[in-house]
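Asks: Got a sequence here, can you build the structure:
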Amino acid sequence: MTLTVCGLIGSPFYRKILTQLNEKNVTFDTENLNPFKAGDDFTAANPARRIPLLKDSDNGVDWVLPDSSAIFHYVERKIPEPSLLPANTADYGRALWLEEYADTVLASTFGLGVFRPIVFPQMQGKQPDTEAALEVVRSKIPEINDYIEAAIGDNDWLTGPNFSVADISVAVQYANLAFAGYVPSANRWPNLLAFMRRVGTRNSFAAPHMKAATAFAEIQKLTVDPEENL
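Replies: Residues are numbered from 1 along each chain as shown. Model (predicted):
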């Protein structure tokens, strides 16, 4: 079996799968795939033109699977231990919801609203759109932070006693906010910050996270006034 994950280290969805495979202590290959520069063969494999893609030699040389959620649950079926899906049915359902929430609401708000206006212009030699990013930080992100803060509560993880798909999906999205320069206020959202610190101590998450952090180390970051308590 040879698993190959195709994507870019800056993508939270790509790192979601790398974290999963690291948790399972699986040997895998990676392949750079830039969705903005890929050709028609990429469209044929994934009409949505999004990363990551997964290749699995067990299924033949032409087999590819798009979408981080599809890939995640394919891997869980193929390599069930250690499981990253809660055993309890209610927790399982909650984990699937939080994965979906992270992949849609967090990704669109954090990615399109903050990460892109800060990072993408600089990749083209232009100035970041800090005002647009700050508007999203002020108007949209506090509500999301409140929801995740309450979801964590006094627990270590979002769904049940064990690290799961929910934790990975949420953490990789918040990581991209940090790359752009925004970290939620520890005074206002202590559970969320403690959660991110716990995730960050896991080698499965830290290894790809640090590669991404290094890639964005030189960009001009967003600055948020501490007095705003954001």
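Asks: following the helix or strand bottoming out on mean pLDDT in the chain, which helix or strand comes up?
Replies: Lowest by mean pLDDT, DSSP states H and E among the helices and strands of the chain is helix 40-45, with a mean of 76. Next along the chain after helix 40-45, taking DSSP states H and E as the criterion, comes strand 53-56.
Asks: before we move on, the earlier item: what are the contacting residues of the least confident helix or strand of the chain?
Replies: For helix 40-45, the surrounding residues in contact (C-beta atoms under 8 Å, 6 or more residues apart in numbering) are L33, P35, R49, L53, V64, P66. C-beta coordinates here come from the backbone N, C-alpha and C atoms, glycine included.
Asks: now for the strand or helix carrying K211, which elements pack on it?
Replies: Here K211 sits within helix 203-215, counting by DSSP H and E. Where contact means 3 or more C-beta pairs under 8 Å, 6 or more residues apart in numbering; DSSP states H and E, helix 203-215 is packed against helix 12-23, helix 165-180, helix 190-200.
Asks: let's see it at 6 Å
Replies: For helix 203-215, the contact count by 3 or more C-beta pairs under 6 Å, 6 or more residues apart in numbering; DSSP states H and E identifies helix 12-23 as packing neighbours.
Asks: Give me the neighbour count for the residue nearest to I168 when sequence neighbours are not counted.
Replies: Nearest-residue entry for I168: T19, 5.0 Å, with adjacent residues in sequence omitted and distances by C-beta to C-beta, 6 or more residues apart in numbering. Other residues within reach of T19, judged by other C-beta atoms under 10 Å, total 29.
Asks: hang on, the earlier thing: quick one: buried ones out of the contacts of helix 40-45?
Replies: For the contacts of helix 40-45, a burial check counting by 16 or more other C-beta atoms under 10 Å picks out L33, P35, L53, V64, P66.
Asks: From these, which land in strands?
Replies: L53, V64, P66 (DSSP state E).
Asks: Can you tell me which of the residues you listed is closest to A213?
Replies: L53 (23.6 Å; C-beta to C-beta).
Asks: So that closest one versus L65, what's the distance?
Replies: Remark: distance between L53 and L65 (C-beta to C-beta, to the nearest Å) = 7 Å.
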